[in-house]
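Q: I would like the atomic coordinates for the input below:
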Amino acid sequence: QTSNQQRQQLRIYQGACNQLVMSFVKAGPQARQKVMQWLVDCMLVNPGATAMRPDTSKVSSSAMLLNTSIVLLKLCEPFVLDEKKHHLIDPGFVSSAKDNHGVFPTRGDDSLPRLGESDGDNVGNSVPYAPKNAFIPQCFFYTARSLALAIVPMLSQHENLLRHISHQHWELSNQNRDIQSDPHFCMLVSRQRSNEVALFQEEMVVDTLRFCNLMAKVLYEVSDENLRHMPEHFVDNVCDILMSIAKLKPKLLRGMEFRYVFCMVVKLLSPTYAGMVRNYNLRAMLGDVLYDLFLPTDSASDHDSHRRDIPSSVSHDPMKGGLSYLLSNEAAQETLAPSLLLLYGEVEHTGYYDKMSHRAKISSLIKYLWESKEHRPAFQKITQNKESFIKFANGIINETNTLITTVVQKLPEIREAQEKMANPSEWGRLSEEDQSMITSRLDDNEREVKHALPLCNKTMQMFGYLNTDEDIRRLFLLPDLYPRLVTMLNHVLKKIVGGKGLELKVKDPEQYEFRPKEMLRDLCAIFALFASYPEIQMECARIECTPADLRMAVAKCKKYNLLTGESMAAFEALPDLVENATHTIQADEELAKDAPDEFMDALMFSMMTDPVILPSGNCVDRKTIAQQLLNDPIDPFNRVEMTMDDVKPAVELKARIEQWLQEKRAARDAAMNVGN
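A: Now for the predicted structure:
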């Protein structure tokens, strides 16, 4: 009740302030000019407000900056609500330093990066500015800048405060201290409540969200030349504000429409405009917006608890019969699937934990699109760009190997710490320092597993459903990919089955999304999809994906009823097929002992099956150089940069190898028949 009373009082004060400013604006050109100049001065002296920890001696108070934003939002209200006036927002204002009075600098320490700006390249001020109405673009773009100095940093600081409170609560609980009587904790909670009174005042939030949708509309509709000149933080701020409100106060989104936010995100992620947003963190954020706001909350791909309170109206288009924007938007149908596959690789540059969070969200989006007929043509087009798909596939193969290793390493450590803490006598014998060290280590391990496991589950599922498509499965059978695919599957198999993953117990495994049976099911389903292909059987035999391990997995699948029908039959047949392939390889290795030197891989000195000629003139097996280039894109013999496009198939050599092997096998078989 106290918070509501405070908000009511705040609304009265802010309403009076808005009326005062509006009366000055309406008093005539001279008074209006002075008001706008004061707002300009406020923004010019506060660039430091965007810092993680603003210097309070050089930056105005957050309350003053917030009130300035509220005033500007109210000045914008008449044209924000009137769609007929939206065309009067002239984007040239941003590039005209004379008109914007330096609020959007392109040079100096406080310069604002532009969307079309590459490293060391300034976009300049080439866009002409001749507005039909000078006041509307002035109000609009000053408001856009003001949000970056007030609401956006305040939301960020508030989220940091909530994390700090959560950590303090955890520490006090572990120390068995009375949380309610701890003065520092009570001070933090008071600060939280104080912030929320100002930040989540409903009228202000609604005005801000409407403005964000209009900002997205402007960015979506402007010409490419004008888009290049838009400050990067415009996109950043729209994303930040929407995701913060969705996370902290999702009910305030009720009744709001974000059609143009969706259109802007799809446009900027599309292959045509991908170069317009060069900041990998911002590109990752665009993907997060799609997941947080526009993936329907009833999606089977969704296990994110904080999204459950987001109104379903946010993700659905009322103009398309209530279909989700992801399914009904034509631009999304055409470009979003390839855009997300590209983004999956790009988020590699965002940092270890952030990368996993982004990829888990992208995986959920890809699955949702995959399950819809509207996006299937776009997925079919993906198979036409072989190089791009190989890059994506190698990325998820690497990711899965890393994730499963992390999970299998950390879960036993978590279990050991949990058992110590659950035993009062053993825990009590430890020193305070040892207890603190174990608790801290447990916290680190839990954080890592909570990031790794959701993504691990989703990447395994992605391998499964993507390969149900025959064209995509054919790509995974390329010489560049199938050896790495089998290596990855075997790596996961040994960790789950050989490493007793199914028997590993931790307290409350669901909090980590640890579901070993589901993981084994997804893994075996992938094996089943590829079981009939000879190259997969031979590769399993080469890398010691043993029939014994496979039979153990088959037994567990039967025990827990993980696979059924054709899938179970195909997987059950695989161990025998691999055993036969093992005998074939062993027999061929005996034949290869006296193979001519020209048949031998110049790097691995094993007999080649698909020889290729490198730019340096040396011959190696195709899979050898494919693996080498993943680690270092150079010719290993002269260290000159190269790609797979630079290799040439050694057609005549391959024919001689096959002819030689055929003759050797025939001679061997004839000798065996004589012996029998």
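
Q: counting contacts, what elements does the longest helix along the chain pack onto?
A: Using DSSP state H, we find that the single longest helix of the chain is helix 386-422. Counting contacts by 3 or more Cβ pairs under 8 Å, 6 or more residues apart in numbering; DSSP states H and E, helix 386-422 is packed against helix 330-346, helix 424-429, helix 432-466, helix 470-476, helix 482-493. All C-beta atoms are positioned from the backbone trio N, CA, C, and that covers glycine.

Q: Tell me, how many residues neighbour E334?
A: Neighbour count for E334, taken as other Cβ atoms under 10 Å: 16.

Q: which ones are touching it?
A: Contact analysis of E334 by Cβ atoms under 8 Å, 6 or more residues apart in numbering lists A378.

Q: Can you list the helices and strands that the host helix or strand of C239 packs against?
A: Per DSSP states H and E, C239 falls inside helix 232-248. Contact analysis of helix 232-248 by 3+ Cβ pairs under 8 Å, 6+ apart lists helix 135-149, helix 151-174, helix 202-221, helix 259-269, helix 280-289 as its packing neighbours.

Q: what packs against the fourth one?
A: Judged by 3+ Cβ pairs under 8 Å, 6+ apart, the packing partners of helix 259-269 are helix 202-221, helix 232-248, helix 280-289, helix 330-346.

Q: can we see that at 6 Å?
A: helix 202-221, helix 280-289, helix 330-346 (3 or more Cβ pairs under 6 Å, 6 or more residues apart in numbering; DSSP states H and E).

Q: Toward the C-terminus from the last one, list the very next helix or strand.
A: Towards the C-terminus, the helix or strand next in line after helix 330-346, according to DSSP H and E, is helix 352-370.

Q: From the chain's centroid, how far away is that following helix?
A: When C-alpha coordinates are averaged (Cα atoms, centre = their mean, to the nearest Å), helix 352-370 and its chain have centres 5 Å apart.

Q: what's the angle from it to helix 280-289?
A: Angle of helix 352-370 versus helix 280-289, following axes from the mean of the first three to the mean of the last three Cα atoms, to 10 degrees, is 40 degrees.

Q: Using PDB, write out the CA atom coordinates for helix 352-370.
A: Presented in PDB, the C-alpha positions along helix 352-370 are these (Å, rounded to 0.1, in the frame of the first residue of the first chain):
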ATOM      1  CA  TYR A 352      31.500 -17.900 -22.300                       C
ATOM      2  CA  TYR A 353      28.300 -17.700 -20.200                       C
ATOM      3  CA  ASP A 354      26.500 -15.200 -22.400                       C
ATOM      4  CA  LYS A 355      27.100 -17.400 -25.400                       C
ATOM      5  CA  MET A 356      25.400 -20.400 -23.900                       C
ATOM      6  CA  SER A 357      22.400 -18.400 -22.800                       C
ATOM      7  CA  HIS A 358      22.000 -16.800 -26.300                       C
ATOM      8  CA  ARG A 359      22.400 -20.200 -28.000                       C
ATOM      9  CA  ALA A 360      19.800 -21.900 -25.800                       C
ATOM     10  CA  LYS A 361      17.300 -19.200 -26.800                       C
ATOM     11  CA  ILE A 362      18.200 -19.400 -30.500                       C
ATOM     12  CA  SER A 363      17.800 -23.200 -30.300                       C
ATOM     13  CA  SER A 364      14.300 -22.800 -29.000                       C
ATOM     14  CA  LEU A 365      13.400 -20.300 -31.800                       C
ATOM     15  CA  ILE A 366      14.900 -22.600 -34.400                       C
ATOM     16  CA  LYS A 367      12.800 -25.500 -33.100                       C
ATOM     17  CA  TYR A 368       9.600 -23.500 -33.100                       C
ATOM     18  CA  LEU A 369      10.200 -22.400 -36.700                       C
ATOM     19  CA  TRP A 370      11.200 -26.000 -37.700                       C
END
